[in-house]
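**Student:** fold the following for me, if possible:
(2 chains)
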Amino acid sequence: MLDIRFIRENKELVAAGAKKKHIDFDVDALLALDDKRRELMTSVEAKRAEQNAVSEKIVQTSDAAEKQQMIAQMKEVKDALTVQEEELKGILKEWQLLMVAVPNIPDMSVPDGADDADNMEIRTWGEQPAFSFEPKSHTDLMLELDMVDFDRGTKVSGFRGYFLKNDGVRLQFAMWNFVQDFFIKKSAPQKWTPMVVPSLVRREPFMGTGYLPQSEEDLYKTQDGEYLSGTAEVATMAYYMDEVLDKSQLPIKMLAFSPAFRREAGSHGKDTKGLIRVHEFYKLEQVVLCEASHAESVKYHEEVTANAEEIMQALGIPYRVVVNCGGDLGLGQVKKYDIEAWVPAEKKYRETHSASYFHDFQTRRLNIRYKDEDGKMKFVHSLNNTALSGRPMVALIENFQQPDGSINIPEALVPYMGGQTVIKKI
RNA sequence: GGAGAUGUCGAAUAGUGGCUGAUUUCGCAUCUUUGCUAAAGAUGUAAGCCUGAAAGGGCUUCGAGGGUUCGAAUCCCUCCAUCUCCGCCA
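**Tutor:** The predicted structure is shown next:
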């Protein structure tokens, strides 16, 4: 959400931002409604002021007749007030709906474009492995090594269901532990706080982070009205919801682990095999809250991106970084980098990390503030990036496969695998 | 699942229809006194919105949302949270 006063004063900027994101939004319609809202509000408040003033007189008057007369007079004011309040309520509802639909303004450095095909590669790291044989997919490799069971996964859980097994489990846990230690070592000068956060989350945090109301169909919903979140970002961002932070606490860096659930409503035919696109997986997420400064946001955006790159480098997974174009940005995002790992069987880069910053778009909705030196309350800035999801393991398995179908363990993970250096058929 | 209790300004607390946007204590900030500290005293101590060049004025907020009333922290309803007891499950 943006500040209505900012929108009023910068309507061209807001309109241009929406256009760059390829989001239809009529700023003039919002501003017209806002004029109506303020006009009605002024009138309602004047009537309330009158009511308050006369109420005070009613108390002070001892003359019973005069009192009765004033009460009668106030009844009329109240009736008129009720009518206007109803009208205002309707307008406010409509206004709220438009307000949560206003897209945040993308950064100057975001390239133009309609969708992910227009994202711009800004750097690559690592060598795409040159295989002397036709590389297998992670699906085949894992099945042959008994690391996963999709058939029973589907039987038990339904479409896209899976069981991780044996070395699949050990490798996955090794990766969690490696990444967690990576951040613990990173915890100077500012501490990364490891957290395990809920996936079962109320509606408000989804509204606050910008996943609702726009993406309702992508979320699982319980019969009690909560939703299952697709990323730990939702609960982690809401941790400080409705709180006023001390400036000395900033930046707050959280490393949050949670299960992630995705309905994949719009991608029924895509990636139907393997672990690339599943309904349920686990995720470690970097979430940062910093002071309200563009420079700070940019600084930490680069930092959370660098963290993910360092992890990929330590694992030896070739990747590239793209800067997402306007059309591929979410409603609240100012700028986003995707890190995409090389997936040999597909001969493609596939997204493994998504680093974005939001300025105060999320924190305004979530009401997370701090008091600045000038004594003013400000909304903190927020940003996040994946630390590790299930996908890097897919890339790792395919990139490290050997002619005999075994998988070499990257050196960094060997200690986390109890000294094991290779996954092979026994 | 059943029964009951509670939710007030950073903390604790007063407050059962108008004189309460709200008592008191602590905390915190500034100032005074002081060789320094402590102690004492004085003053202040929310946020949001509307309006205004500003000064200022106004509105809203006592867990949240509705309702009753000319008027609600106070009465009624729903929800949320916490606590106690019972049941159920492990």
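**Student:** residues in the stretch 251-400 of chain A within reach of RNA strand B, list them.
**Tutor:** Residues of the stretch 251-400 of chain A found near RNA strand B, taking Cβ under 7 Å from any atom of the strand as the criterion, are A:369, A:371, A:377. Using the backbone N, CA and C atoms, a C-beta is placed for each residue, glycine as well.
**Student:** go through those and say which is closest to RNA strand B.
**Tutor:** Proximity of those to RNA strand B (Cβ to the nearest atom of the strand) peaks at A:M377, which lies at 3.7 Å.
**Student:** for chain A, give me the ranges with low pLDDT.
**Tutor:** Filtered on pLDDT under 70, chain A yields no residues whatsoever.
**Student:** helices of that one, residue ranges please.
**Tutor:** Listed in chain order, the helices of chain A (DSSP state H) span A:4-9, A:11-20, A:27-60, A:64-99, A:138-144, A:150-157, A:166-185, A:203-209, A:233-238, A:294-315, A:361-366, A:391-399.
**Student:** tabulate the CA atom coordinates of the last one in PDB.
**Tutor:** Translated: helix A:391-399. In PDB, the C-alpha atoms belonging to helix A:391-399 read as follows (Å, rounded to 0.1, in the frame of the first residue of the first chain):
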ATOM      1  CA  ARG A 391      15.000 -26.700  -5.900                       C
ATOM      2  CA  PRO A 392      18.800 -26.300  -5.400                       C
ATOM      3  CA  MET A 393      18.900 -30.000  -4.500                       C
ATOM      4  CA  VAL A 394      17.400 -30.700  -7.900                       C
ATOM      5  CA  ALA A 395      20.100 -28.700  -9.600                       C
ATOM      6  CA  LEU A 396      22.800 -30.200  -7.300                       C
ATOM      7  CA  ILE A 397      21.800 -33.800  -8.100                       C
ATOM      8  CA  GLU A 398      21.700 -33.200 -11.900                       C
ATOM      9  CA  ASN A 399      25.000 -31.200 -12.000                       C
END
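**Student:** next, the angle from it to helix A:166-185.
**Tutor:** Per axes from the mean of the first three to the mean of the last three Cα atoms, to 10 degrees, the angle that helix A:391-399 makes with helix A:166-185 is 120 degrees.
**Student:** quick one: list the elements packing against helix A:391-399.
**Tutor:** helix A:138-144, helix A:166-185, helix A:294-315, strand A:335-343, strand A:348-357 (3 or more Cβ pairs under 8 Å, 6 or more residues apart in numbering; DSSP states H and E).
**Student:** centre of the chain to it, how far?
**Tutor:** Counting by Cα atoms, centre = their mean, to the nearest Å, helix A:391-399 is centred 24 Å from the centre of its parent chain.
**Student:** just the fifth one next, same as before
**Tutor:** Its chain's C-alpha centre and that of helix A:138-144 lie 31 Å apart, by Cα atoms, centre = their mean.
**Student:** likewise for the third one?
**Tutor:** Relative to its parent chain, helix A:27-60 has a centroid offset of 37 Å by Cα atoms, centre = their mean.
**Student:** show me what that helix is packed up against.
**Tutor:** helix A:4-9, helix A:11-20, helix A:64-99.
**Student:** okay, buried residues for it please.
**Tutor:** In terms of neighbour count (16 or more other Cβ atoms under 10 Å), helix A:27-60 has its buried residues at A:27, A:30-31, A:33-34, A:37, A:40, A:44, A:47.
**Student:** just the residues you listed now: which is nearest RNA strand B?
**Tutor:** Here the nearest of the buried residues of helix A:27-60 to RNA strand B, counting by Cβ to the nearest atom of the strand, is A:V44; it sits at 6.9 Å.
**Student:** in contact with the closest one, which residues?
**Tutor:** The neighbours of A:V44, taking Cβ atoms under 8 Å, 6 or more residues apart in numbering as the test, are A:81, A:84-85, A:88.
**Student:** which of the residues you listed are buried? Put it as a PyMOL command.
**Tutor:** A single PyMOL command selects the buried members of those (16+ other Cβ under 10 Å):
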select buried, chain A and resi 81+88
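**Student:** in TSV: the contacts of A:V44, plus distance to RNA strand B.
**Tutor:** Converted to TSV, the contacts of A:V44 look like this (distance: Cβ to the nearest atom of the strand, whole Å):
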residue	distance to RNA strand B
A:L81	8
A:Q84	12
A:E85	8
A:L88	10
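**Student:** out of the contacts of A:V44, flag the one nearest to A:D360.
**Tutor:** A:L88 (26.5 Å; Cβ to Cβ).
**Student:** surely the closest one meets A:E39?
**Tutor:** No: A:L88 lies out of contact with A:E39 (Cβ atoms under 8 Å); the separation is 9.9 Å.
**Student:** tabulate the helices and strands packed on helix A:391-399 (CSV), appending mean neighbour count.
**Tutor:** Putting the helices and strands packed on helix A:391-399 into CSV (neighbours: other Cβ atoms under 10 Å) gives the following:
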stretch, mean neighbour count
helix A:138-144, 21
helix A:166-185, 18
helix A:294-315, 19
strand A:335-343, 24
strand A:348-357, 22
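**Student:** so for A:Q128, which of the ones you listed sits nearest?
**Tutor:** Closest approach to A:Q128 among those (Cβ to Cβ): strand A:335-343, 5.3 Å.
**Student:** what angle sits between that closest one and helix A:294-315?
**Tutor:** On the basis of the same axes, to 10 degrees, strand A:335-343 is oriented at 10 degrees to helix A:294-315.
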